Each structure stands twice: as C-alpha cells, then as structure tokens.
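# I'd like to go over a predicted model; first the sequence, then the structure.
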Amino acid sequence: MSRIAVLGMGRMGAAMAQMLASSGHDVSVWNRTSSVAREVGEHVGCHASLEPGDAVVDADIVLSVLADGPATQATLLDPGLLAALAPSSVTCDMSTSGVPSAHLLAHEFAQRGLAYVDSPVAGSVASVLNRALLVMASGDEDAVERARPAFDAFARAVVHLGPAGNGQAMKLCAGLVVHTLNSAVAEGIALATRSGIDPSVAYTVLQDSSVGAPYLGYKREHFLGTQAPVAMSLDLAGKDLALIAAQAAELDLELPALSGVITEVTRARESGFGSSDMADVVRAVLGEPVPDRTTS
C-alpha cells in the first residue's frame with residue numbers, strides 16, 4: 001500500500017480520502033480550514049495535518065483537489081510543501097485548474113526534478129464512492145503509472161492524453177458538453193412545464209430517448225426537486241465556463257453554444273442562484289424562487 005496525501009477536503013477530496021483509506025492506504029489530509037480536515041480525518045480514520053507541507057512528508061502520491069488554478073498553484077508551489085516532497089513522489093492535480101495552470105505547475109515541478117501529473121476527473125461524489133470516476137491524466141507516462149495505486153481506489157478508468165495540459169484541455173471539452181446538456185435539459189423541462197406536461201413525465205421521456213445520457217440519471221432529483229444537496233453550484237459552473245471560454249479564445253474558436261450557456265448561467269447567478277445546484281437553471285428559467293438546498 002502507498003502513503004497518500006490529499007490536499008483539499010471539499011466533497012470530492014473528502015470522498016477520495018475515504019476511498020483511499022478504505023482501500024488500505026496510509027492517508028494524510030489537509031484543508032485550508034483545519035477543522036474540516038480534522039472532521040474528515042476522524043470520519044475516515046486518517047491523519048489531519050495543519051500545513052500542506054506536513055501532509056506530504058514521506059508521501060508516495062499527493063492528490064490536490066482544490067477549487068481552482070490560483071488555489072492549486074498557491075498550495076503546490078508553497079516553498080514548505082516543495083521542500084517536504086520526497087524526490088520519488090508524484091503530485092497530481094485532480095481539479096479543473098485550466099491549461100495555463102497545468103503548464104506552469106509542470107514547468108515548476110520539472111525545474112525541481114519532481115513528478116507532476118495533470119489529472120482532472122469526470123464524475124461526481126457518487127462516482128468516487130462507486131469507483132466510477134474517469135481520470136484524464138497527462139504528463140510523463142511513468143509518473144501516471146506511479147499514481148495508479150491512488151487512482152485505482154476510486155476510478156473505473158485512467159486515460160493518458162499526452163503532455164501535461166492535455167488533461168485540463170480534455171476536461172474543458174467534456175465540461176462544454178455537460179454544461180450545454182444541463183442548459184438544454186433545463187430549457188426542455190421548462191418548455192414542457194409551461195406546455196402543461198408533468199415535468200416528471202417529461203424528464204422520463206428525455207431519459208428514455210436518444211439524449212438519455214448518464215447525466216440525466218444521476219441529476220433527476222436535482223432537476224425535479226429541491227431536496228437533493230448541491231453537487232456542483234452555479235458559481236463553480238461559472239468558473240469552469242470561464243476557463244472553457246478562455247481556452248476557446250486562445251485557440252481562436254467561436255463556440256455559439258458556449259456563449260448561450262454562459263449567458264444563461266450568468267443570468268441565473270445574477271438572480272441569486274449562484275450557490276444553487278447547476279440543475280436549478282430550470283428554476284431560474286421558470287422564474288421560480290431560489291431553493292433552499294443543503295450543501296453536503
């Protein structure tokens with residue numbers, strides 16, 4: 001078994017720590033809010049560190065599961081953390097940080113002779129707990145293989161996409177499809193509702209049709225009700241959409257569907273839905289109140 005540090009105890013990071021510990025790995029965790037790390041540590045039976053550098057001491061694999069590129073860079077390029085990393089360790093960024101962030105981190109780690117893997121994921125917390133995540137890994141192939149003991153605890157597949165940065169690029173491609181589908185489903189349900197069709201019946205029809213992607217299966221409770229906890233907020237969706245737009249602009253690509261989704265998500269956030277689940281776009285379109293969802 002490996003010694004693995006997990007940095008960032010949001011819902012995804014905490015779920016990964018749980019699966020790693022249950023697989024028999026020696027796990028240490030860190031979070032910017034130390035009380036959250038302690039709570040996760042007590043729940044899954046692993047050590048909680050006060051500083052990221054302390055968490056990575058003697059770690060074979062480091063998983064960074066932080067909110068965005070700036071947070072990831074600030075943590076992984078912290079002098080204390082870099083000094084504490086073992087020369088044989090491999091550090092993996094599993095969040096949606098953006099292509100420029102991946103390039104910067106790959107360069108800085110290479111300058112120090114340290115292994116870095118750009119490895120964002122496709123899936124949800126439920127995917128983690130069911131060992132069903134898809135890991136989009138990029139970077140040195142040997143480093144990716146060295147990280148597999150960690151990935152195998154929660155992933156169904158690991159795809160190697162070439163040099164660092166390609167993982168982030170692929171995650172943005174997948175995100176473009178998911179966010180477009182989310183808006184399309186929301187608008188379809190809104191149109192059905194205003195047409196006098198029971199939204200649950202309309203949703204079942206969509207699920208059973210040619211557009212019935214797995215996303216519709218696990219988001220049903222979010223689209224049709226307000227009791228399911230927030231899985232991905234519209235504020236976080238807005239962050240990802242901005243990264244997609246920046247990548248498209250860098251490549252001189254005009255993406256009309258993306259522009260429409262950004263407009264819709266921005267309008268929903270400005271109407272008070274920022275902390276709501278991304279499926280609550282349907283409520284924003286229908287002019288309904290902001291739901292009072294839990295966040296965990």
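Cool, got the structure.

# which stretches of the stretch 151-296 of the chain have low pLDDT?
295-296 (pLDDT under 70).

# in it, which spans are strands?
Ranges of strands in the stretch 151-296 of the chain, per DSSP state E, counting those that start in this stretch, are 155-160.

# the helices in it, which residues?
For the stretch 151-296 of the chain, the helices defined by DSSP state H, counting those that start in this stretch cover 166-194, 199-208, 214-218, 220-224, 234-250, 256-268, 281-286.

# and Val27, that one's in a strand?
Yes. Applying DSSP: H, G, I helix; E, B strand; the rest coil, one finds Val27 inside a strand.

# quick one: average pLDDT of stretch 100-111?
Averaged over stretch 100-111, pLDDT sits at 98.

# Give me the residues contacting that stretch.
With contact meaning CB atoms under 8 Å, 6 or more residues apart in numbering, stretch 100-111 is reached by 69, 72-73, 76-77, 91, 93, 97, 115-116, 118, 138-139, 163-165, 167-168. The way it works is simple: take the backbone N, C-alpha and C, and place the C-beta from them, glycine included.

# Among these, name the ones in helices.
Among the contacts of stretch 100-111, DSSP state H puts 69, 72-73, 76, 167-168 in helices.

# Tell me which residue is most central in the chain.
Nearest to the geometric centre of the chain sits Ser95, at 5.1 Å (CA atoms, centre = their mean).

# which ones are touching it?
By CB under 8 Å, 6+ apart, the contact set of Ser95 is 8, 64-68, 72, 120.

# Over to it. Which of the three states is it?
The three-state label given to Ser95 by three-state DSSP is coil.

# Against Ala186, how distant is the residue of the chain most remote from its centre?
The C-alpha centroid of the chain is most remote from Gly196, which lies 36.1 Å away (CA atoms, centre = their mean). Per CB to CB, to the nearest Å, Gly196 is found 18 Å from Ala186.

# ok so, going back, got JSON lines for the helices of the stretch 151-296 of the chain, with mean neighbour count and distance to Ala126 too?
Output for these, formatted as JSON lines (neighbours: other CB atoms under 10 Å; distance: least, CB to CB, whole Å):
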{"stretch": "helix 166-194", "mean neighbour count": "19", "distance to Ala126": "15"}
{"stretch": "helix 199-208", "mean neighbour count": "15", "distance to Ala126": "17"}
{"stretch": "helix 214-218", "mean neighbour count": "14", "distance to Ala126": "6"}
{"stretch": "helix 220-224", "mean neighbour count": "19", "distance to Ala126": "11"}
{"stretch": "helix 234-250", "mean neighbour count": "18", "distance to Ala126": "17"}
{"stretch": "helix 256-268", "mean neighbour count": "16", "distance to Ala126": "23"}
{"stretch": "helix 281-286", "mean neighbour count": "21", "distance to Ala126": "20"}
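
# Put together JSON lines for the ones in helices among the contacts of stretch 100-111, with distance to Ser124 on each row.
Output for the ones in helices among the contacts of stretch 100-111, formatted as JSON lines (distance: CB to CB, whole Å):
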{"residue": "Gly69", "distance to Ser124": "21"}
{"residue": "Thr72", "distance to Ser124": "20"}
{"residue": "Gln73", "distance to Ser124": "25"}
{"residue": "Leu76", "distance to Ser124": "24"}
{"residue": "Gly167", "distance to Ser124": "18"}
{"residue": "Gln168", "distance to Ser124": "19"}
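
# Thanks a lot, catch you later.
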